[in-house]
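**Student:** Can you look at this prediction? I've put the sequence above it.
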Amino acid sequence: MNPAEKKRQLIDSLPTSYPAELRGFLKENFKPQIAVRGDPYPLSPSNLEQIRVSYPGSFLALNIDFQDSFFVREAYGVYPYSVNHRSSYLSQGWKSLCLHGLSAEKTQSYQTYGYNTQDEAPYQWTEMSQLAPQTTQFLKEKIPMKKWYRVRWMFLEPGGYILPHKDYEPSRDQHSPRMNAINIAITHPEGCLFVVENEGEIPFKPGKAFYFKGAQSHALINHSKELRIHMIIHGAPDEPAFIHLLETK
Ligand SMILES: [Fe+2]
């Protein structure tokens, strides 16, 4: 059985303890291959903003490798400090912790804490940067950001899930949807899926990162016995250095 068939079988046999909405979404939107998204963005992109807004897909691979063992070790070290993230009908077993943010435990968006814009929010490296010095140094050195917003570990516990949702709300967000989140798989156990409506699964594996636009509905599941650890980075990218991180195929 090839990996896609294995995943299809996993989706078809998910226990009914997972919500029907989640199981239905995964069944409908998982594809054995990533959907063709029409023409790719120009191979010599001169304008990162144009790519962020107009690229026809929801995710673009980044050519940085996050496989060093310290990422996993330091993430497990800070895990006990993580807090429930949006623990509601939307998710189960989803925890988060800020490496850079308003504080380590303020894992929600700036509006939640009374700020009108990202730039108004006094983000800083939290005390977690002392517990995760190599992760912090790697990010500062390898990711060209003019300004860092939230940098968070996202922990999805065994049996955890996030129901289909969009990251954008027209009433809340001040600009049109664009790629704005770097999502890094620190661990990605077999049995984890991140599926985007009409596009299929984002092909995460440990150490792999994608630039992500959350405008299409997406859902996640960790149907394994291990912790799934990702990082999500928001910030103002430094063009054109950042553009060289985007994979062109
Ligand atoms: Fe999301």
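**Tutor:** All right, it came through fine.
**Student:** Please spell out which residues along the lowest-mean-pLDDT helix or strand in the chain are buried.
**Tutor:** One helix or strand of the chain scores below all others by mean pLDDT, DSSP states H and E: helix 48-54, with a mean of 83. Residues 48, 51-52 are the ones in helix 48-54 that count as buried (16 or more other C-beta atoms under 10 Å). For every residue, glycine as well, the C-beta is placed using N, CA and C.
**Student:** mean confidence for the following helix or strand past it?
**Tutor:** Proceeding C-terminally, helix 48-54 gives way to strand 59-62 as the next helix or strand, assigned by DSSP states H and E. Strand 59-62 shows a mean pLDDT of 91.
**Student:** Just the buried positions in the helix or strand following strand 59-62, please.
**Tutor:** Next helix or strand after strand 59-62 toward the C-terminus (DSSP H and E): helix 69-78. Of all the residues in helix 69-78, those buried under the rule 16+ other C-beta under 10 Å are 71-72, 74-75, 78.
**Student:** For the ion, tell me whether stretch 175-184 is touching it.
**Tutor:** No: with C-beta under 5 Å from the ion as the criterion, the ion is not reached by stretch 175-184; the gap is at least 8.3 Å.
**Student:** Just give me how far that stretch sits from the chain centre.
**Tutor:** Distance, stretch centre to chain centre, for stretch 175-184: 9 Å (C-alpha atoms, centre = their mean, to the nearest Å).
**Student:** need the residues of the protein near the ion, please.
**Tutor:** 167, 214.
**Student:** quick one: the strands in the chain?
**Tutor:** 59-62, 83-84, 91-101, 124-125, 145-165, 181-185, 192-196, 200-201, 209-212, 218-222, 228-237 (DSSP state E).
**Student:** List the contacts of Asp65.
**Tutor:** By C-beta atoms under 8 Å, 6 or more residues apart in numbering, the contact set of Asp65 is 207-208.
**Student:** could you dump the buried residues of helix 48-54 to JSON lines with distance to Glu199?
**Tutor:** Formatted as JSON lines, the buried residues of helix 48-54 follow (distance: C-beta to C-beta, whole Å):
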{"residue": "Leu48", "distance to Glu199": "21"}
{"residue": "Ile51", "distance to Glu199": "17"}
{"residue": "Arg52", "distance to Glu199": "17"}
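**Student:** between these, which is nearest the ion?
**Tutor:** For the buried residues of helix 48-54, the closest approach to the ion (C-beta to the ion) belongs to Arg52, at 16.6 Å.
**Student:** What residues of stretch 52-69 count as buried?
**Tutor:** For stretch 52-69, by 16+ other C-beta under 10 Å, it's 52, 55, 57-62, 64, 66.
**Student:** Using PDB, write out every CA atom in that stretch.
**Tutor:** Output in PDB follows, covering the C-alpha atoms of stretch 52-69 (Å, rounded to 0.1, in the frame of the first residue of the first chain):
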ATOM      1  CA  ARG A  52       1.500  36.500  -0.900                       C
ATOM      2  CA  VAL A  53      -1.800  37.800  -2.200                       C
ATOM      3  CA  SER A  54      -2.200  36.300  -5.600                       C
ATOM      4  CA  TYR A  55      -0.600  32.900  -5.500                       C
ATOM      5  CA  PRO A  56      -3.400  30.500  -6.400                       C
ATOM      6  CA  GLY A  57      -2.700  27.900  -3.700                       C
ATOM      7  CA  SER A  58      -2.800  28.100   0.100                       C
ATOM      8  CA  PHE A  59       0.700  26.900   0.800                       C
ATOM      9  CA  LEU A  60       4.200  27.200  -0.600                       C
ATOM     10  CA  ALA A  61       7.200  25.100   0.500                       C
ATOM     11  CA  LEU A  62      10.100  26.900   2.200                       C
ATOM     12  CA  ASN A  63      13.600  25.700   1.500                       C
ATOM     13  CA  ILE A  64      14.900  25.800   5.100                       C
ATOM     14  CA  ASP A  65      15.400  22.600   6.900                       C
ATOM     15  CA  PHE A  66      14.300  22.500  10.600                       C
ATOM     16  CA  GLN A  67      15.500  19.000  11.300                       C
ATOM     17  CA  ASP A  68      18.100  19.700  13.900                       C
ATOM     18  CA  SER A  69      17.500  17.700  17.100                       C
END
